[in-house]
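Engineer: Could you look at this predicted model? Sequence included:
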Amino acid sequence: MQLRTDIDFYEQRFLMFVLDQIAHDLERDGKDVIRMTLGKSELPLHPRIVAAMKEALEDFGLSSQVFPAGLPELKDKLSEYYRKRYDVDIPARRFIIGAGTSSIFRNLFQLLLKEEDEVLLPSPYYSLYRFSALLAGVKIRYYRIDPDTMAVDMQSFRENVTPRTRVVVINSPGNPLGNIVSRDEMLEMDAIVNGQAVIVHDEIYGNMSFDSESFSSVQLRGARSDFITTNAFSKGYRMYARRVGYCIVPEPLIEPMTVVQHHTMLTVDPVVQHGAIAALDLPDEVGQLADLYRDRRDYTVERFKSVPDVKVNRSHGSFYITMDCSVYMNRHGMETSLELATRIIESTGVATVPGSDFGMPESLRLSFSSSKYKEGIDRLAAFFIR
């Protein structure tokens, strides 16, 4: 069989899942493993979310609802949530519900891009953006996020907006760096784009900030460009495997996105959508998780102050922290972050994510979401100083 694509699917593997599979196999063999791979909280769902899903599951009328763009009740609830949190009036019809945000990005790129177009992504990036662009067959350009200052490199942004740029992605708080794009930065990026491209703001970690509140694109006034906002319930509300995400789209995109879902998804499970409705009434859940992960961020930064050859990039949000291991890798003759991550899990039982997943070929990404996180950091520190 010959695939009608030039994508090398082996090279495009999401190495996060490769390492997570290694961790699973080791655990099955009775090994003591600490997973710092998936952005999936170690904490269980809130009982009220579980109760809402159980009630919907046991009620055939609720569990058999089919709405390709999402349950009207959830769309209404999201409209109310954004009104309360950000003081913005977004009609419920502009919310399109998906199974997480991954398929939403794929669909948006298919609708907004043609083969001769360009997409502009942050570097480092979340691999979904790059893979969605590869599927769309468009040229990919990058603008730089400075890992030291966590600021957008506006010169690189300006240089990579071309007449063919049609989609720009902002990820804030960012994965993997944990950077936060400020209001002023977002306004400057909008001014540079000047309406020639759609700007997609992925704010899936918008409720996971450690030092100050993150800024949402829905708060912008007088933007020159069309903005799309994406978010999900998988992070702050810990519904990772329950797969409820959404995007907020301009009026002209409501019908195209809905019709795409008519044919490709039909409906998101209504049971989990009822869980999402319940989640929106639990703001304290989000705050407690942010406190927990801020403490783990601080522990990592402090613990690695005395570790040579490794530089920790202090994240300001999200579920992650990254480590620049270039000096260590050069000193020990390692060519790839996959090789480094493999050696680490084999010798310490700690599963990390190779930075090459995100355009950081000499780095590692660690997820805060392990109940044994601090022990894992201690094992990593011992590995690097031995």
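Structural biologist: Everything's here; your move. Residues are numbered from 1 along each chain as shown.
Engineer: can you pull the buried residues of the helix or strand where residue 284 lies?
Structural biologist: For residue 284, the element it lies in under DSSP states H and E is helix 283-303. Buried positions in helix 283-303, judged by neighbour count with 16 or more other CB atoms under 10 Å: 285-286, 289-290, 292-294, 296-297, 300. For the C-beta atoms, the positions are set from N, CA and C on the backbone; glycine is no exception.
Engineer: Could you pull up the mean pLDDT of stretch 246-255?
Structural biologist: For stretch 246-255, mean pLDDT rounds to 98.
Engineer: Could the C-alpha coordinates of that stretch be exported in CSV?
Structural biologist: In CSV, the C-alpha atoms belonging to stretch 246-255 read as follows (Å, rounded to 0.1, in the frame of the first residue of the first chain):
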residue,chain,number,x,y,z
TYR,A,246,-14.0,23.7,22.5
CYS,A,247,-13.2,26.6,20.3
ILE,A,248,-14.6,30.1,20.2
VAL,A,249,-14.9,31.1,16.5
PRO,A,250,-16.0,34.2,14.6
GLU,A,251,-19.5,34.0,13.1
PRO,A,252,-18.3,33.0,9.5
LEU,A,253,-16.7,29.8,10.9
ILE,A,254,-19.7,28.5,12.9
GLU,A,255,-21.3,26.7,10.0
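Engineer: Helix or strand: which one has the closest residue to residue 134 other than its chain neighbours?
Structural biologist: Nearest non-adjacent residue to residue 134, counting by CB to CB, 6 or more residues apart in numbering: residue 7, 5.5 Å away. Using DSSP H and E, residue 7 sits in no helix or strand.
Engineer: What pLDDT does the model give residue 7?
Structural biologist: 90.
Engineer: pretty sure it contacts residue 132?
Structural biologist: No. Residue 7 is not in contact with residue 132 according to CB atoms under 8 Å; the separation is 11.7 Å.
Engineer: out of those two, which sits in the busier spot?
Structural biologist: Taking neighbours as other CB atoms under 10 Å, residue 7 and residue 132 compare with residue 132 leading, 24 against 12.
Engineer: dump the residue contacts of the more buried one.
Structural biologist: For residue 132, the contact set (CB atoms under 8 Å, 6 or more residues apart in numbering) comprises 105-106, 108-109.
Engineer: repeat that with 6 Å
Structural biologist: Going by CB atoms under 6 Å, 6 or more residues apart in numbering, residue 132 touches 105-106, 109.
Engineer: Okay, and which of the residues you listed map to helices?
Structural biologist: Among these, the members falling in helices are 105-106, 109 (criterion: DSSP state H).
Engineer: just to revisit the earlier point, for residue 88, state which of the buried residues of helix 283-303 is nearest.
Structural biologist: Comparing the buried residues of helix 283-303 against residue 88 with CB to CB places residue 286 closest, at 18.8 Å.
Engineer: Look up the closest residue to the closest one, ignoring the ones flanking it.
Structural biologist: residue 236 (4.0 Å).
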